[in-house]
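> task: produce atomic coordinates for the following.
(chains A, B and C)
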Amino acid sequence: MSTVAEAENKHEALPARPKELAMHFDNLNQQFTTGKLGMWLFLGQELLFFCGLFTAYAVYRANHQEMFHYAHYFLDWKLGGLNTVVLLCSSLTAAWSVRCAQLEQRKGLIITLALTFLAACAFMVVKYIEYEHKIHIGAVWGSHFGVAEANFPEHLKEAYPNLTAEQLQQMGTGSFFAIYFCMTGLHGLHVLVGMGLYIWLLIRAIRGDFNRKYYGAVDNVALYWHIVDIIWIFLFPLLYLIG
Amino acid sequence: MAGGIVEKPSSGVPVRPARNYLNETKGLKNWLVTLDHKRIALMYLAAVTVALLLGGFWAIVLRTELLGPQDVILSNDWYNRAFTLHGAVMVFLFIIPGIPASLGNFMLPMQLGAKDLALPRVNLLSWYLYVIGLVFFLGVLFLGGLDTGWTLYPPLSSGRPVELNLIFAYTAVFILGFSSILTGVNFIATMHKLRPKGMTMYKMPLFLWALYATSLIQVLATPVVGITLGMSLIEHVFKIGIFLPQYGGDPVLYQHFFWFYSHPAVYIMVLPAMGVQSELIATFSRKHVFGYKAIAWSSIAIAAIGFIVWGHHMFVSGQSPAAGIIFSFLTFWVAIPSAIKTFNWVATLYKGAIDFKAPMIYALAFIYLFGIGGLTGLFLASIANNVHLHDTYFVIAHFHMVMVGSVLTAFLGGIHFWWPKMTGKMYNETLARICAVMVFVGFNVTFMPQFVAGTRGMPRRYANYMDEFTVFHQVSTIGAYILGLAVVIQAIYLVHSLFKGKQAPPNPWGSASLEWQSSSPPDFHNFLDKPIVMGAYDFENWEFVSEDAGYVLKKEVIETGKSLSTVH
Amino acid sequence: MMSDLSFGSLPGLPLAEAGGSFWFPPQSSSVAAGSDFTYDLILWLCIIFFVAICGATMYFMVKYRKRPGHKEEITSTHNTKLELAWSIIPLIILMVVFGISTYWYLEMVTPPNEDVHEIEVTAKQWNWTFTYRDDELLGQGKQFLVPKHLHLIKDRNYQLVMTTPDTDVLHSLFIPAFRVKQDCVPGRYNKLWFRPTKTHTEAGADEGFMLYCTEYCGKDHSEMLGRVFVWDTEAEWAAAVEQDGNIENIKDLVDRGKSIYDQYCKSCHSVDGSDNVGPTWKGLWGKKETMESGETITVDKGYVRESVLEPAKKVVKGYPNSMTPFEWGDQNDAYFEGIYAYMESLKD
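Numbers count the residues shown, from 1 in each chain, chains lettered A, B, ... in the order given. The predicted structure is shown next:
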């Protein structure tokens, strides 16, 4: 007989469940793998999200080869390279934090999470320096583009001493920077979201929420962080290095 | 008692548990923070119904304007706003989330025999994103509407001076996209990870296979429209020159991006409808569905082919003839899995016992309407014909037959089918049958004349038209009124049933998928006991008791915990 | 011969127009027959499949309806041979249809190598302009810009070269009687080829064939119509083009200006004082306007002419610099006379 009272009794009669285990899962392993599958699917969506921009990049590059060549001189590969190194290091600390969580090394976990967060901050600072400079000299999107010859980067002047500001503008160099700001801007937005997530993890780690059976959040955020890193690994050569 | 079936005392009336998911907790606040998939599904149902009525309102306004060749009730400006809002609201707010987010959300865990979706918080988040999108669209309306067409083609859209309502529209679609993506992620994770022991993929009801295919598209296609509209928004505000020719952009690139999503989106709309259709046909003919695996895999095939046919929206855009021919070739392939499904549904009826309950009338109408919608797609896939028919009323009629004729029919059929389960109440069957017939007649009267208007050259999105088309438009408008009236009557008797309807038995139809082993309405945890896992179409496990008690599991099934069915 | 190909117009034509089938206007171009042939072919295939599907459904509905004494039977749940058959046979049929359709499409898009006459088409919100040049028939170096009216000679090969100004939006040119359609995209030159095979009077369209815009282009999309006239002889054609295209044919200067305004200026400038993309013309003539640069200018002949030919040079403060330049070749003076007169007539 399924009376209300009996139904309630049945729920109480279930074996003791870990407090981290959500109502609808049978065990922590199922919960963990479900979260992880969800994260992978989300990352698949992220890739396609960026794919739109990569395709736009490819189309415009094919249509305006020369312009892309000139425009890439405006990007400082040293700053870009620095940011690449920063992000790669942060990926290492992110992966490390997962290991720490698995081994229940709370101190290590807190340190690696904090390091990842700091690396993300460093990335954003460098990004700010780059953006600030570009906006200052007028290397911006669409019809707003207009860089005086005096502000041309040194190596552009060396390579093409006769290039004038007007020529560059008429070539439609603004399109390059439209793409540049869209791609790096969207990537930067993802870094900002990642920073928020790492603060959240840091609070939870300090509170001691994680253990060897329950560390899905650390793992999933690290996965997210790796995809942010990988996207940058593609952006850097496409924008900064290929001439 | 095993099987979650409430025992039948001597009186013959089933006992209902006093507590269910509807009355587990009370108060608006408890609903707004609920993580229960059933409650979220109902909240979705309420929201998409608002969208349906809003979009339907604009449809009626449009059709009224088209009663005469010159201005009837609207100026050109307002006609353009009306069709933009009709399209955008119907596509983004009703058809795309309609079936998966409401019926799918409710039934997916129940049909699997699970307690909830894999990621309940994500589920709630996606509902909130949906509502934010809806609010943004209401904002567009409040700001005086939008006249860009739902496709938001540049330069007409982003090329204009900065307009707040356009910004709202971009934002709305962007946010709705993420709502849709999160639903897809959730569904796939649930189907992979929350199937209880014994519930194999091939035991799942075909509705779930359809949802699986739908979710794949949602996850893989929607982000592309997200980024496209994101870029358009930025371009609209900053004029950066990605799609605007004035600043060095390419408007045709936008069309490629847009249809890379929006063509698969057509299958986001129609696949769940096909899923519902499979359930209805099998249940009401009391037959194991014919060609289960073929139907299941044809859903996946449609999803896959759907990704590579977007160029058929652009046959006359100036893309190269070679590209056009390739897209035409690929488009023909979509017909095959669609045909397979249709043949299988018809074959399922063979030697059944066909019960013309309201949901079944919808299902039979679906075969007819989808038949027309699908077959007229062949004219448009054929590139020599498409040139003439492109952007005429022929296209309007074709996609309404599929997107409305089939999807709305399946949505209404599904609502009626699962209404007793979701609410615990029976609706008025006579009224429901009358409305089902009205919907069917209304569709045909509305859209059949449009095919002829189209072949004769009536272009779409025309506020005023040549006198020769008047008769087609007038007949079409009468059809739209019939359809509108039917939907309003339905809304009335369904709401009425909530208060005055008869109590529903756990399984009024004798359907065999697992949700019917739960009480009506279900317990907060879906099932009081673990349901007996069986094939979704093993109707022989159920026997009819009475109109009030519906169907119950046979004794030997309960005792052995095994299905009696021998066919698989 | 090709026009005989249509083998399947629906029986019973209560709504049929003279000379056309139930479905289509009369075939009046070289590409129409192929398009209609494909249509009929698919139509008959669809009818066969549709009748089969719905017939079977209805038969089952009656025969196996639920009723006392009738019980469902368990039948086999799949049949590989049957399922393969109903997948593969339709596929083969569809591939044949694809082949036929593609054959006709290639006919449609491949212009002949020689004897192709080009006509420039400019689509703007919400007007068509056709530019005619023909040294032999219209005079050496002459060009005529004709709004709305596409004049053609029967049995000549034409290629329309179509474009839209960068600042405008997408349009699409559609002539149902010819079964042709092509988008006009800003910044691109799309081409459309056909050969008219019937004059408009032969086809029963005494007011000309309809020409529509079929890509939604904003407020007056449904007003963006044109007419196609197909003439038997070169002389008729040349006379019609001259009649439509020579602005001096409109003797009254204010009327001339009004017609130019309707054609080129209306979408951005009002004449009733309401604000639009550009300044209203009501009371504009002789008014002092402040420019973006800060200088003040009186609106007179010189300024108006400059603003039409080179609009970006001096833009009135508060308005976007988005106007396209206009130019009418050797008819410039005649056009401007009309514009001046019309603007003057709008003085307060």
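
> what about the residue in chain C that chain B sits nearest to, how many residues nearby?
Per CB to the nearest CB, the residue of chain C with the smallest distance to chain B is residue C:176, at 2.9 Å. All C-beta atoms are positioned from the backbone trio N, CA, C, and that covers glycine. Residue C:176: 26 surrounding residues under other CB atoms under 10 Å in any protein chain shown.

> now the most centrally placed residue in chain B, nearest residue through space, not along the chain?
Nearest to the mean C-alpha position of chain B, by CA atoms, centre = their mean, lies residue B:99 at 4.0 Å. Nearest-residue entry for residue B:99: residue B:272, 3.8 Å, with adjacent residues in sequence omitted and distances by CB to CB, 6 or more residues apart in numbering or on different chains.

> correct me if wrong, but that neighbour is in a helix.
Yes: when DSSP: H, G, I helix; E, B strand; the rest coil is applied, residue B:272 is found to be in a helix.

> quick one, phi/psi of whatever residue is furthest in space from the centre of chain C?
Computed with CA atoms, centre = their mean, the residue of chain C farthest from its C-alpha average is residue C:69, at 63.2 Å. Backbone torsions for residue C:69, taken as degrees, to the nearest 10, come to phi 90, psi -10.

> what does the pLDDT read for it?
Looking at residue C:69, its pLDDT stands at 89.

> what distance do you get for it to residue B:384?
Residue C:69 sits 54 Å away from residue B:384, going by CB to CB, to the nearest Å.

> quick one: mean pLDDT over stretch C:322-330.
81.

> restrict it to CA atoms and write it as CSV.
The C-alpha coordinates for stretch C:322-330 follow below in CSV (Å, rounded to 0.1, in the frame of the first residue of the first chain):
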residue,chain,number,x,y,z
SER,C,322,25.4,58.5,-45.6
MET,C,323,24.0,59.7,-48.9
THR,C,324,24.9,58.1,-52.2
PRO,C,325,26.1,60.4,-55.0
PHE,C,326,23.8,60.6,-58.0
GLU,C,327,24.7,61.4,-61.6
TRP,C,328,22.8,61.4,-64.9
GLY,C,329,25.5,61.9,-67.5
ASP,C,330,24.6,64.2,-70.3
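
> what sits up against it?
The contact list for stretch C:322-330, computed with CB atoms under 8 Å, 6 or more residues apart in numbering or on different chains, reads B:246, C:124, C:141-143, C:145, C:165-168, C:247, C:264, C:268, C:277-278, C:307-312, C:334-335.

> let's go with 7 Å and repeat that
C:143, C:145, C:165, C:167, C:264, C:268, C:277-278, C:308-311, C:335 (CB atoms under 7 Å, 6 or more residues apart in numbering or on different chains).

> ok, now stretch B:519-534?
Residues from elsewhere that reach stretch B:519-534 (CB under 7 Å, 6+ apart): A:2, A:7, B:2-4, B:6, B:16-17, B:20-22, B:24, B:36, B:38, B:109-110, B:113, B:115, B:196, B:198-199, B:203, B:420-424, B:504-506, B:512, B:514, B:517-518, B:541, B:557, B:561, B:563.

> OK, now which residue of the stretch 201-348 of chain C is nearest to chain A?
For the stretch 201-348 of chain C, CB to the nearest CB, closest residue to chain A: residue C:321, 10.1 Å.

> tell me, how many neighbours does that residue end up with?
12.

> how is it assigned, secondary-structure-wise?
coil.

> okay but the residue nearest to the centre of chain B is in contact with residue B:273, surely?
Yes: in terms of CB atoms under 7 Å, residue B:99 counts as a neighbour of residue B:273; the distance is 6.0 Å.

> give me the neighbour count for residue B:78.
Residues within reach of residue B:78, counting by other CB under 10 Å, total 17.

> tell me who's in contact with the residue nearest to residue B:62 when sequence neighbours are not counted.
Leaving aside its sequence neighbours, residue B:62 sits nearest to residue B:82 (CB to CB, 6+ apart; 5.1 Å). Each residue near residue B:82 by CB under 7 Å, 6+ apart is listed here: B:58, B:61, B:62, B:74.

> which helix or which strand is home to the second one?
Under DSSP states H and E, the secondary-structure element containing residue B:61 is helix B:37-65.

> what element comes up after that helix heading to the C-terminus?
Toward the C-terminus from helix B:37-65 - assigned by DSSP H and E - lies helix B:76-88.

> list the buried residues of that following helix.
B:76, B:78, B:79, B:80, B:81, B:82, B:83, B:84, B:85, B:86, B:87, B:88 (16 or more other CB atoms under 10 Å in any protein chain shown).

> my read: the fifth one touches residue B:147, true?
To tie it back to what came earlier, the one meant is residue B:81. Yes: taking CB under 7 Å as the definition, residue B:81 is a contact partner of residue B:147 at 4.8 Å.

> circling back: so which of the buried residues of helix B:76-88 comes closest to chain C?
Nearest member of these to chain C, counting by CB to the nearest CB, is residue B:76, at 5.4 Å.

> taking the contacts of residue B:82, tell me the two that lie furthest apart.
Maximum pairwise distance in the contacts of residue B:82, criterion CB to CB, is 10.7 Å, between B:58 and B:74.

> and stretch A:152-172, anywhere near chain C?
No: Stretch A:152-172 lies out of reach of chain C by CB under 7 Å from any CB of the partner chain, never closer than 11.6 Å.

> identify each buried residue in that stretch, please.
Neighbour counts using 16+ other CB under 10 Å place A:152, A:156, A:163, A:165, A:168, A:171, A:172 of stretch A:152-172 among the buried residues.

> hmm, back to that, how close does the residue nearest to residue B:99 sit to residue C:307?
Separation of residue B:272 from residue C:307 (CB to CB): 57 Å.

> any low-confidence regions in the chain?
Using chain A. A:1-15 (pLDDT under 70).

> not what I meant, chain B
Residue ranges of chain B with pLDDT under 70: B:1-15, B:568.

> residues of it that sit close to chain A?
Residues of chain B lying close to chain A by CB under 7 Å from any CB are B:1, B:6-7, B:17-19, B:114-116, B:118-119, B:181, B:185, B:188-189, B:192-193, B:219-220, B:223-224, B:226-228, B:231, B:234, B:238-242, B:247-248, B:253, B:257, B:528.

> next step: those restricted to helices.
B:181, B:185, B:188-189, B:192-193, B:219-220, B:223-224, B:226-228, B:231, B:234, B:238, B:253, B:257 (DSSP state H).

> quick revisit: grab the nearest non-local neighbour of the residue of chain C closest to chain B.
residue B:457 (2.9 Å).

> and that neighbour, helix, strand or coil?
Three-state call for residue B:457 (three-state DSSP): coil.

> okay, now it: neighbour count?
26.

> same deal with residue A:109?
For residue A:109, the tally of surrounding residues (other CB under 10 Å) stands at 27.

> pull out the buried residues from the helix or strand encompassing it.
Assessed by DSSP H and E, residue A:109 sits inside helix A:106-137. For helix A:106-137, the buried set under the neighbour-count rule, 16+ other CB under 10 Å, comprises A:108-117, A:119-120, A:122-124, A:126-127, A:130, A:134.

> kindly report the same for stretch B:497-516.
Buried residues in stretch B:497-516, defined by neighbour count with 16+ other CB under 10 Å: B:497, B:501-502, B:504-516.
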